[in-house]
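**Q** Here is my input, please return the structure:
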Amino acid sequence: MNVSVIIPSLNPDDKIINVVDSLIEYGFDDIILINDGSDEAHMDQFNYLKNYSQCHLLTHEVNKGKGRALKTAFEYCIANRLDIDGVVTVDGDNQHKAKDILDCVKAMNENEDNIILGVRDFKGKNVPSKSRIGNLMTSFVFKFACGLNISDTQTGLRAIPKQYLQLFTEVKGERFEYETNMLLEFKHSNIPYKEVKIETVYIEENASTHFNPITDSIKIYGVIFKFLFSSIMSSVIDLSVFSIISILLINSMDKRASIFIATASARVISSLFNFSFNRKAVFKSKESIKNSIVRYYILCICQLLVSYGLVYFVAQSLLLGRGLTIVSKAIIDTILFMISFRIQRRWVFK
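**A** Predicted coordinates:
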């Protein structure tokens, strides 16, 4: 196994020694430890392990976060481990068993160019409720907004072929949000990945984790919901313009014509914002503007016609006034924007 094991750690207890001993027992002989600014009370473990011939210790004098610790290790491997096939990242609290780590490395060797994720089963009784709920929510958003079907978005066990190390040193994020950004990079850079089932282990209700459920969740979901911000803002712009034009035309023409003009005007304005923001900030598309804008406006025209048809049908069938017509449009367009977002991700911007 020509693989380096990377273990970032902050204020570890004796569990990290158990992790290293089990790795050596399973044949791993290059273990890179990152001391991410631990205090003096937790230096004994590092001082003990740095005497192992299989271990190499990297140190941050102050705490910089798990993301920075992983980048430090990746940069070290790029410069000093020129002949490795890849790395495997492991948590130091003994939640990842050596057998599962070995299985992930074998899967990486058998599936060229694939990153391997060691994924847990969150249905077990030993899984803390905050971890179960958090992973369920994040997995749903990943699948809907990003098109990534990842069953364990929180896993720290990842086997990474060496060709991706330089890319991951450039991914944004210094703390826990970095691991989420790594997963999002799969989509942006078309990186293939596979999952390997691993044992689900939570020690003392995951009390040793340095994950802050409030501040770190804000960072993580802040990254993910950028994918939804564009659709929401476009919907707000569209509805606002539609409402203003509808009110201005209330006495100048019949309902069918006013709905069409208001819908068309609103869609042109909101679509210009939506296209520009989606192309640059959301999907970071590498497609040419010419190709993507043609596909975008084919979708836009279809969406406009469907929106107009449904709003007119509902307004006429239920004999709605102007106010309720606007409400019905808000409901219809919310559904259409969700569908449109998925089509943009899969077809327009690819």
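
**Q** Now do the contacts for Asp83.
**A** Listed by CB atoms under 8 Å, 6 or more residues apart in numbering, the contact set of Asp83 reads Asn2. Where C-beta positions appear, they are placed from N, C-alpha and C, glycine not excepted.

**Q** Could you list the domains of the chain?
**A** 3-224, 226-348 (automatic domain parsing).

**Q** What about the residue lying closest to Trp347 once chain neighbours are set aside, how many residues nearby?
**A** Spatial nearest neighbour of Trp347, chain neighbours left out: Arg295 (6.2 Å); criterion: CB to CB, 6 or more residues apart in numbering. The number of residues packed near Arg295 is 16, by other CB atoms under 10 Å.

**Q** pLDDT wise, what is Arg295 at?
**A** As predicted, Arg295 sits at a pLDDT of 90.

**Q** List the residue ranges of the stretch 201-350 of the chain that fall below the pLDDT cut-off.
**A** Applying pLDDT under 70 to the stretch 201-350 of the chain flags the ranges 202-227, 282-284, 350.

**Q** What segments of it are helices?
**A** 215-224, 226-248, 255-277, 289-317, 322-343 (DSSP state H, counting those that start in this stretch).

**Q** now swap in the stretch 51-200 of the chain and tell me
**A** 66-80, 98-110, 129-141, 165-169, 177-188.

**Q** The shortest one packs against which elements?
**A** So that's helix 165-169. Packing partners of helix 165-169 (3 or more CB pairs under 8 Å, 6 or more residues apart in numbering; DSSP states H and E): helix 66-80, helix 177-188.

**Q** give me that answer again for 6 Å
**A** helix 66-80 (3 or more CB pairs under 6 Å, 6 or more residues apart in numbering; DSSP states H and E).

**Q** Quick check: which helices or strands does the helix it packs on pack against?
**A** strand 3-9, strand 31-36, helix 165-169.

**Q** again, 7 Å this time
**A** strand 3-9, strand 31-36, strand 55-60, helix 165-169, helix 177-188 (3 or more CB pairs under 7 Å, 6 or more residues apart in numbering; DSSP states H and E).

**Q** out of the ones you listed, nearest to Ser151?
**A** helix 177-188 (11.7 Å; CB to CB).

**Q** Output the closest one as PDB - backbone C-alpha positions only.
**A** Provided in PDB are the C-alpha atoms of helix 177-188 (Å, rounded to 0.1, in the frame of the first residue of the first chain):
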ATOM      1  CA  GLU A 177     -16.900  23.800   5.900                       C
ATOM      2  CA  TYR A 178     -13.800  22.800   3.900                       C
ATOM      3  CA  GLU A 179     -14.900  19.100   3.900                       C
ATOM      4  CA  THR A 180     -18.300  20.200   2.500                       C
ATOM      5  CA  ASN A 181     -16.500  22.300  -0.100                       C
ATOM      6  CA  MET A 182     -14.500  19.200  -1.100                       C
ATOM      7  CA  LEU A 183     -17.700  17.300  -1.800                       C
ATOM      8  CA  LEU A 184     -19.100  20.300  -3.900                       C
ATOM      9  CA  GLU A 185     -15.800  20.200  -5.900                       C
ATOM     10  CA  PHE A 186     -16.700  16.700  -7.100                       C
ATOM     11  CA  LYS A 187     -19.500  18.300  -9.100                       C
ATOM     12  CA  HIS A 188     -17.600  21.400 -10.300                       C
END
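
**Q** I'd like the helices of the stretch 51-200 of the chain as CSV, with mean pLDDT and distance to Ile335 appended.
**A** Below are these laid out as CSV (pLDDT from 0 to 100; distance: least, CB to CB, whole Å):
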stretch, mean pLDDT, distance to Ile335
helix 66-80, 96, 37
helix 98-110, 96, 40
helix 129-141, 74, 17
helix 165-169, 96, 37
helix 177-188, 87, 24
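
**Q** I'd like those helices as TSV, with distance to Asp238 and mean neighbour count appended.
**A** Below are these laid out as TSV (distance: least, CB to CB, whole Å; neighbours: other CB atoms under 10 Å):
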stretch	distance to Asp238	mean neighbour count
helix 66-80	37	20
helix 98-110	46	19
helix 129-141	23	15
helix 165-169	37	17
helix 177-188	26	20
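
**Q** closest one to Ser307 among those helices?
**A** helix 129-141 (25.3 Å).

**Q** Keeping just the C-alphas, turn that closest one into CSV.
**A** Written as CSV, here are the backbone C-alpha positions of helix 129-141 (Å, rounded to 0.1, in the frame of the first residue of the first chain):
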residue,chain,number,x,y,z
SER,A,129,-30.0,12.5,17.0
LYS,A,130,-28.2,15.7,16.0
SER,A,131,-25.9,13.7,13.7
ARG,A,132,-28.8,11.8,12.1
ILE,A,133,-30.9,14.9,11.5
GLY,A,134,-28.0,16.9,10.3
ASN,A,135,-26.8,14.3,7.8
LEU,A,136,-30.4,13.8,6.5
MET,A,137,-30.9,17.5,5.9
THR,A,138,-27.5,17.9,4.2
SER,A,139,-27.8,14.8,2.1
PHE,A,140,-31.2,16.1,0.8
VAL,A,141,-29.8,19.5,-0.1
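
**Q** Now do the contacts for the nearest residue to Ser285 once chain neighbours are set aside.
**A** Excluding the flanking residues, the one nearest Ser285 by CB to CB, 6+ apart is Phe349, at 4.1 Å. Listed by CB atoms under 7 Å, 6 or more residues apart in numbering, the contact set of Phe349 reads 278-279, 283, 285, 287, 292.
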